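Q: Kindly return the folded structure for what I paste below:
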Amino acid sequence: MSCFRLENVSYRYSKSPVLTGIDLALEPGEILGLFGHNGAGKTTSIKLILGLMHPQQGKVSVLGGNAGDPEVSQHIGYLPENVMFYPQLTGREILSHFARLKGASLKQVPVLLEQVGLGDAMDSRTKTYSKGMRQRLGLAQALLGTPKLLMLDEPTVGLDPVATADLYRLLRDLRDEGTGIVLCSHVLPGVEPYIDRAAILTQGTLKAAGNLPSLRRQANMPVSLTVAPANADSPLAGVAEDAGLGAAVSGMENGSLHIEVAHDHKMAMIHKLLATGEVRDLDISEPTLEDIYVHFIGSGGLAHRGGVQ
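A: The predicted structure is shown next:
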C-alpha cells in the first residue's frame, strides 16, 4: 500500500493552472524530497494529499483510502513551514491538546518532547520559546500517533546545526521503521544526503523524479574530473583531448587539470588517464542535487517568484 499516489492530478485557481497532469507516489520506508520554486505547486500538492483540497482532474489516494477521510488523516503527521501555538500554554499542555484531538495516547507527550529536545522546557510557556524551540514542538506534534505518512515543510527553519543533525537522524529512524516521509526544503545541499528520491516541480508540472543517479542520467550533465599530474610536462591534457570521448579540457589551475566529460564516458576517461601512469591524484565531482535542480527549473524559479505554491 502506497503512502500516497497522485494520478494525472490537475488543479486550477480561477483560470490559472497550478498543477498539470501530476503523477507521483510515495512508498513506505522512503524519504521523498519535494522541491520547486515559489509557485511551483508544492503547497497545493501537500494540501491535496492532506485532503484540504480536492483535485479538479485525476485521483489522489492516501494510505489506501481517500485523502481527508478521518480514518486516513489520523495516520498522517504534518509540520507546516510556519508554526504558531498559544503563547500562554506550556509545551506539555499544547502537545496534550493535540494528542486528544488526534486520539493519540497522552503517554506519548513527555516521550516526544524529550525526543525533540524539549524535555527541560516542556513545562515552560511557549511565549518563552525561541523559533527553533517552536519548530521542535511542531515536529513533536507531527509525530503524535506514530504516523504512517509524515509531511514536513521546511522542517529545519530556526534549528541550529546540532538540532538539524538530530532531526535527520530521527527521520532516518522513522523511515527505517516504515514511515513514508515527504520533505520540502529550499536548502538542497542540506537535504541531499538524507533523501531517497527527489521530485522537482516547476510551473505546476513534474519536471523530473527519481533517485540522485537517475536524475543525473535524466539531466545528462557532465562529470568534472580534477587531475593532478605526476609531473609538470605530463601528457594528460593531450590524452583527454584525443580520447574521442567529447571531453572539455581546461588548462592547468593550481597544478591540476580540469576535465568535463559525459557521465556515460566517465569510466572510459578515467581508465585512459590512469593508463598513462602520469596521474598523481584524481577527484571526481558529480552534479549535486542543487545543480540538477537548477538544470531542470531553468529560469522558472526567477520568473515565478511569489504567488501560489
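
Q: What are the buried residues along stretch 12-30?
A: By 16 or more other C-beta atoms under 10 Å, the buried positions in stretch 12-30 come out as V18, L19, T20, I22, L24, A25, L26, P28, E30. In short, each C-beta sits where N, CA and C put it, glycine included.

Q: Just the residues contacting it, thanks.
A: 1-11, 32, 41, 44-45, 48, 55-56, 58, 148-149, 175-182, 196-197, 199, 201, 204-206, 209, 308 (C-beta atoms under 8 Å, 6 or more residues apart in numbering).

Q: What is the three-state secondary structure of the residue lying farthest from the centre of the chain?
A: Most distant residue from the mean C-alpha position of the chain: D233, 45.2 Å away (C-alpha atoms, centre = their mean). Assigned by DSSP: H, G, I helix; E, B strand; the rest coil, the conformation of D233 is coil.

Q: Poorly predicted segments of the stretch 201-309 of the chain, please.
A: 299-309 (pLDDT under 70).

Q: ranges for the strands of it?
A: When secondary structure is read from DSSP state E, counting those that start in this stretch, the stretch 201-309 of the chain shows strands at 205-210, 223-229, 248-253, 256-261, 279-285.

Q: returning to that earlier point: cross the contacts of stretch 12-30 against helices and list the overlap.
A: T44, S45, L48, R175, D176 (DSSP state H).

Q: neighbours around the nearest residue to the third one once chain neighbours are set aside, how many?
A: So the one you mean is L48. Nearest non-adjacent residue to L48, counting by C-beta to C-beta, 6 or more residues apart in numbering: V60, 5.2 Å away. When neighbours are defined as other C-beta atoms under 10 Å, V60 has 22 of them.

Q: Now stretch 24-33 - C-alpha only, CSV.
A: Output of stretch 24-33 as CSV, limited to C-alpha atoms (Å, rounded to 0.1, in the frame of the first residue of the first chain):
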residue,chain,number,x,y,z
LEU,A,24,3.7,11.0,-8.1
ALA,A,25,3.8,8.3,-5.4
LEU,A,26,5.5,7.6,-2.1
GLU,A,27,6.1,4.2,-0.7
PRO,A,28,6.5,3.1,3.0
GLY,A,29,10.0,3.5,4.3
GLU,A,30,11.0,6.2,1.8
ILE,A,31,12.0,9.8,2.1
LEU,A,32,10.9,11.9,-0.8
GLY,A,33,12.3,15.4,-1.3
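
Q: Relative to the whole chain's centre, how far out is it?
A: What separates the centre of stretch 24-33 from the centre of its chain is 11 Å, taken as C-alpha atoms, centre = their mean, to the nearest Å.

Q: pLDDT on it, on average?
A: Per-region confidence: stretch 24-33 scores 96 on mean pLDDT.

Q: and the closest residue to G117 other than its chain neighbours, what does it touch?
A: Using C-beta to C-beta, 6+ apart and skipping residues adjacent in sequence, the residue nearest G117 is R136, 5.7 Å away. If you count contacts by C-beta under 8 Å, 6+ apart, R136 has them with V116, G117, L118, L159, A163.

Q: So the third one sits against G132, correct?
A: This means L118. No: look at L118 against G132 with C-beta atoms under 8 Å: they stay out of range, at 10.3 Å.

Q: So which of the two has more stuff around it?
A: Counting neighbours by other C-beta under 10 Å for L118 and for G132 shows that L118 has the greater number, 23 against 16.

Q: what about that one, is that helix, strand or coil?
A: coil.

Q: Would you list the phi and psi of it?
A: The phi and psi values for L118, taken as degrees, to the nearest 10, are phi -110, psi 20.

Q: residues touching it, list them.
A: Taking C-beta under 8 Å, 6+ apart as the test, what L118 contacts is G91, M133, R136, L137, A140.

Q: The second one reaches A121, doesn't it?
A: Yes: the pair formed by M133 and A121 meets the contact definition of C-beta under 8 Å, at 6.3 Å.

Q: list the buried ones in stretch 240-247?
A: A240, A243, L245, A247.

Q: Could you chop this structure up by domain?
A: 4-75+147-216, 223-286 (automatic domain parsing).

Q: Regarding the last one, how distant is the last residue from the first?
A: With C-alpha to C-alpha, to the nearest Å as the measure, domain 223-286 spans 5 Å from end to end.
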